[in-house]
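Undergrad: Turn this into a structure:
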Amino acid sequence: MWFFTSPQIVYGEDALSYLEQIQGSKALIVTDPTLHQLGLTAKVEAPLHAAGIETSIFAEVEPEPSLQTVLRGAKFAQEYGPDLIIGLGGGSPMDAAKAIAVLYQDPEIDLEELAPWTPLSMTKAKLIAIPTTSGTGSETTWAIVLTDTENKRKLGTGHRAMVPYLAILDPILTQFLPPRITADTGLDVLTHAIEGYAGTWHNDFSDGMCLQATKLVFDHLAEAVENGKTNLEARERMINAAAIAGLGFGNANAALAHAMGHSLGAYFKQPHGRVVGLLLPYTIEYCLRGDMETRYGDMARFAGLTQSQDEMEAGTILVEAIRTLSKRIGQPTSIAELGIDRAAFDAGMHTLIEHAEGDTQIVTSTRVPDGEELQQLFEYIFEGKAIDF
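TA: Presented below is the predicted three-dimensional model:
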């Protein structure tokens, strides 16, 4: 038995004004310090106040949020007593808001032990997600990723109760996103879409969303990076793509690029989207050389990259298209280009392998590497060498 989960979605220019129509009495807005200082929390508060809803702000979420931050936020929520919890920002504030909502509902839950089958029903507060980036898709998924700072690892968990009640996709909130962050988050969308479609848990419900999100990224990401301040259509297509990809991979799973990316990103404190986008073409090359049938050709053809029916040829064209896009938008194409020192990389190899092997998303890759192959993959990617094994 499987489930397809989705929030209600309000999208398009001025979608934020929909907050004037919602029911509630007290809203807790979970965000990061920068967005609060830039006045985006005020933009959210205005329609809430118009609806007669009181607001309070927890603006302490850092990039790749830690368990400690979430625990502070949960305490804040318990003291405030909201009936609405709003995650405003990129994946970090939205994931933090989800975790805070869980602990607000049940303070006894151990987030490290939370599983999809844990008894949980969100009755104390409705969860609303408002993205200000076009990347993680957290606004439409039931997963969260937090950081265990003590052990330098990502903690991934999830529950269907974490799917927001409402997602608001207003492209105006992403209009002035810096090009580098637009690029980072955009490649995260592409990785979600491709891995959701190509992974072993793909299904009839997720496939179409993953295909469409892939095409939207190839068609609009470069324009959003280069002219995002003036091209609101590109911004709208990318914020839609992020949510659509979230619905796709969130109801299937990601795969090898995410397993390796969680490990590499947590250990070296690198932005998630930048890392998984870098790893993606290499993991496709690796899977194309495996024994299990792959589906990369479908994606290449749907995105208009080729008409070839040969899987290896079409998959290779997809790989080259990803690398071409990455270079155009100024993204690194090797681990060395992330600025990671080779000695530090070699010293951390055991941990990188251990954490990648233990990541839940490695199991849905059509080819699952053992420890020796993971080391070989990391070493090839550090140098920017195409995968030939």
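Undergrad: Would you point out which residue is most central in this protein?
TA: Taking C-alpha atoms, centre = their mean, the centroid of the chain lies closest to residue 136, which sits 2.3 Å from it.
Undergrad: For the nearest residue to that residue once chain neighbours are set aside, give me its contacts.
TA: Once flanking residues are discounted, residue 136 sits nearest to residue 91: 3.0 Å by C-beta to C-beta, 6 or more residues apart in numbering. (Each C-beta comes from the backbone N, C-alpha and C, glycine too.) Residues near residue 91 by C-beta atoms under 8 Å, 6 or more residues apart in numbering: 133, 135-138, 145, 272.
Undergrad: where does residue 129 fall, helix, sheet strand or coil?
TA: Following DSSP: H, G, I helix; E, B strand; the rest coil, we place residue 129 in the strand state.
Undergrad: can you pull the pLDDT of it?
TA: You'll see residue 129 listed with a pLDDT of 99.
Undergrad: hang on, the earlier thing: distance of the residue nearest to residue 136 relative to residue 66?
TA: Remark: distance between residue 91 and residue 66 (C-beta to C-beta, to the nearest Å) = 14 Å.
Undergrad: likewise residue 233?
TA: 37 Å.
Undergrad: Ok, residue 12 next?
TA: Residue 12 is 34 Å from residue 66, by C-beta to C-beta.
Undergrad: same question, residue 368
TA: For residue 368, the distance to residue 66 - C-beta to C-beta - is 29 Å.
Undergrad: Ok, residue 206 next?
TA: 30 Å.
Undergrad: the more surrounded of these two?
TA: Ranked by neighbour count (other C-beta atoms under 10 Å), residue 206 and residue 66 place residue 206 first, with 23 against 17.
Undergrad: Remind me which helix or strand the more buried one belongs to.
TA: helix 204-227 (DSSP states H and E).
Undergrad: quick one: average confidence on the next helix or strand after that helix?
TA: On the C-terminal side of helix 204-227, the nearest following helix or strand under DSSP H and E is helix 232-250. Helix 232-250 carries an average pLDDT of 98.
Undergrad: Send over helix 232-250 as CSV, restricted to the C-alpha atoms.
TA: Only the C-alpha atoms of helix 232-250 are listed here, as CSV (Å, rounded to 0.1, in the frame of the first residue of the first chain):
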residue,chain,number,x,y,z
LEU,A,232,9.0,37.3,-13.2
GLU,A,233,7.9,34.6,-15.5
ALA,A,234,11.2,32.7,-15.1
ARG,A,235,10.8,33.2,-11.3
GLU,A,236,7.3,31.8,-11.4
ARG,A,237,8.2,28.8,-13.5
MET,A,238,11.1,28.0,-11.1
ILE,A,239,9.1,28.3,-7.9
ASN,A,240,6.4,26.1,-9.6
ALA,A,241,9.1,23.6,-10.6
ALA,A,242,10.4,23.4,-7.1
ALA,A,243,7.0,22.5,-5.7
ILE,A,244,6.2,20.1,-8.6
ALA,A,245,9.5,18.3,-8.1
GLY,A,246,8.8,18.2,-4.4
LEU,A,247,5.5,16.4,-5.1
GLY,A,248,7.4,14.1,-7.5
PHE,A,249,10.4,13.0,-5.5
GLY,A,250,8.5,13.4,-2.2
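Undergrad: Can you give the distance from it to the centre of its chain?
TA: 11 Å (C-alpha atoms, centre = their mean, to the nearest Å).
Undergrad: Only the buried residues of it, if you could.
TA: 234-250 (16 or more other C-beta atoms under 10 Å).
Undergrad: got the angle for it vs helix 204-227?
TA: 150 degrees (axes from the mean of the first three to the mean of the last three C-alpha atoms, to 10 degrees).
Undergrad: In terms of secondary structure, what does helix 232-250 contact?
TA: strand 8-11, strand 126-131, strand 166-169, helix 179-198, helix 204-227 (3 or more C-beta pairs under 8 Å, 6 or more residues apart in numbering; DSSP states H and E).
Undergrad: Partner strands of the worst-scoring helix or strand of the chain on mean pLDDT, with direction?
TA: Least confident helix or strand of the chain, by mean pLDDT, DSSP states H and E, is strand 153-158 with a mean of 78. Looking at strand 153-158 with DSSP bridges, its partner strands are strand 143-148 (antiparallel).
Undergrad: Buried residues in the partner strand, which are they?
TA: Result for strand 143-148 [16+ other C-beta under 10 Å]: buried residues 143-147.
Undergrad: Just give the closest residue to the residue lying farthest from the centre of the chain, not the sequence neighbours.
TA: Among residues of the chain, the one most distant from the C-alpha centroid is residue 52; the distance is 32.7 Å, by C-alpha atoms, centre = their mean. Sequence neighbours aside, residue 25 is the residue nearest to residue 52 in space, at 7.9 Å (criterion: C-beta to C-beta, 6+ apart).
Undergrad: That neighbour and residue 80 touch, don't they?
TA: No - between residue 25 and residue 80 there is no contact under C-beta atoms under 8 Å: 11.5 Å.
Undergrad: Compare those two and say which one has the larger neighbour count.
TA: Neighbours per residue, other C-beta under 10 Å: of residue 25 and residue 80, the larger number sits with residue 80, 17 against 12.
Undergrad: any idea how far the more buried one is from residue 74?
TA: When residue 80 is compared with residue 74 (using C-beta to C-beta), they lie 11 Å apart.
Undergrad: residue ranges for the helices of this structure, please.
TA: Along the chain, the segments classed as helices by DSSP state H run 33-37, 40-50, 67-80, 91-105, 179-198, 204-227, 232-250, 256-268, 272-288, 296-302, 311-328, 342-347, 349-357, 371-383.
Undergrad: As CSV, those helices with distance to residue 161 would be great.
TA: As requested, the helices of the chain are exported to CSV (distance: least, C-beta to C-beta, whole Å):
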stretch, distance to residue 161
helix 33-37, 26
helix 40-50, 23
helix 67-80, 15
helix 91-105, 7
helix 179-198, 21
helix 204-227, 19
helix 232-250, 14
helix 256-268, 22
helix 272-288, 23
helix 296-302, 31
helix 311-328, 34
helix 342-347, 39
helix 349-357, 27
helix 371-383, 33
